[in-house]
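**Q** structure, please.
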Amino acid sequence: MTAPEIIKDLKARKFKPVYLLHGEEPYFIDEVSNYIERQVLPDAEKGFNQTVLYGKDTDIMAVLNAAKRYPMMADYQVVMVKEAQDLKWGKDDDDKKSINPLLSYLDSPLPSTILVFCYKYGKFDKRKKTYKAIEKNGLIFESASLYDNKIPGWIESYVAAKNYKVSGQASAMLAEYLGNDLSKIANELDKLMLNIAEGQEITLKSIHDNIGISKEYNVFELQTALAKRDVVKANQIINYFEANPKANPIVVLMANLYSYFSKILQIHYLKDKSQQSIAKEIGVNPYFVKDYEMAVRSYDYSKTMYIISLLREYDLKSKGVDSAASHGELMKEMLFKILH
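**A** Model prediction:
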């Protein structure tokens, strides 16, 4: 099941006695657990019937003691274990002090208790008896990270759910600029939508005006300048980055340029270099393909390989390896070597 499907069931009051929410992507875990915490019980019932525990501050027996209680003047109680990856689950399946009592409970969970484990930043071991017991009598949701090329589509769905629209260029830019941190993207979109009338389209201008991406001096404009080998424009942007280091940290620049030139290298390997093929293979919005085609013409295979090696070298230098130069100086040196 997906997070929206689970929430749909929760809205319909179709509850499971145990939920294991686990996986690499914390956003979807938070989405489900926040709904349970905020919406399953009326506010008047939460005081006596909602317990929130944290993995590093509790243990299995405390969780079970809470789960075995009956709700007070209500149909259900919620017991939520946040940061369950920090919970001491027991050394192994034969740890009688913790795992056996847990397995006993999971074999016959209290139907009036909604027990939720939020296990973030990794997958729960599917070989464990605990996993199999929850799978049998509860619900397991794996929150997988989205591939980079799926982020623009997720942005469009997120915005549509809130009765807004977003242009393809805008969703692609947000994905490139903010990366794959869904919580960060959602937060920026929520702030942006406060300044736009409901139903309107989020455009590139909306992003420039509301999300601190300079219209002229950002990493996308730098990529375009590099693709055109526009030395003047590229240096103007780097000078702007040097003057505004907090808004344009070198670590973000390095990551973006490495991703950019890695995609250019991928295109060099492609037999089918049609725009459709390029967009599919490198996972970018078709809107950006022309810029990549221009870059491929500007940087042949050998030069692209050299630049990728250069980026690795300057990434280390930016972290203090064999260099005492400032980040601004390093960016300028690197840019000169890329363009010449």
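
**Q** contacts, neighbours, all on C-alpha from now
**A** Will do.

**Q** counting by contacts, list what the helix or strand encompassing residue 19 packs against.
**A** Residue 19 is part of strand 18-23 when elements are defined by DSSP states H and E. Counting contacts by 3 or more C-alpha pairs under 8 Å, 6 or more residues apart in numbering; DSSP states H and E, strand 18-23 is packed against helix 26-35, strand 113-120, helix 129-137, strand 139-142.

**Q** rerun that using 10 Å as the cut-off
**A** helix 26-35, strand 77-82, strand 113-120, helix 129-137, strand 139-142 (3 or more C-alpha pairs under 10 Å, 6 or more residues apart in numbering; DSSP states H and E).

**Q** to residue 300, which of those lies closest?
**A** Of all these, helix 26-35 sits nearest to residue 300, with 39.5 Å by C-alpha to C-alpha.

**Q** where does the prediction get shaky in the chain?
**A** Residues of the chain meeting the criterion pLDDT under 70: 90-98.

**Q** the domain parsing of it - what is it?
**A** 3-142, 148-210, 219-339 (automatic domain parsing).

**Q** can you list these in TSV and add mean neighbour count?
**A** Shown next, in TSV, are the domains of the chain (neighbours: other C-alpha atoms under 10 Å):
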stretch	mean neighbour count
domain 3-142	17
domain 148-210	17
domain 219-339	17
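
**Q** tell me which of the helices and strands packed on strand 18-23 lies nearest to residue 290.
**A** Counting by C-alpha to C-alpha, and looking across all of the helices and strands packed on strand 18-23, nearest comes helix 26-35 at 32.8 Å.

**Q** what angle separates the closest one from strand 77-82?
**A** Computed by axes from the mean of the first three to the mean of the last three C-alpha atoms, to 10 degrees, the angle separating helix 26-35 from strand 77-82 equals 160 degrees.

**Q** elements contacting helix 26-35?
**A** helix 3-11, strand 18-23, strand 77-82, strand 113-120, strand 139-142, helix 182-193.

**Q** how far does the longest helix seen in the chain sit from its chain's centre?
**A** Using DSSP state H, we find that the single longest helix of the chain is helix 250-269. Put simply, helix 250-269 sits 19 Å off its chain's centre (C-alpha atoms, centre = their mean, to the nearest Å).
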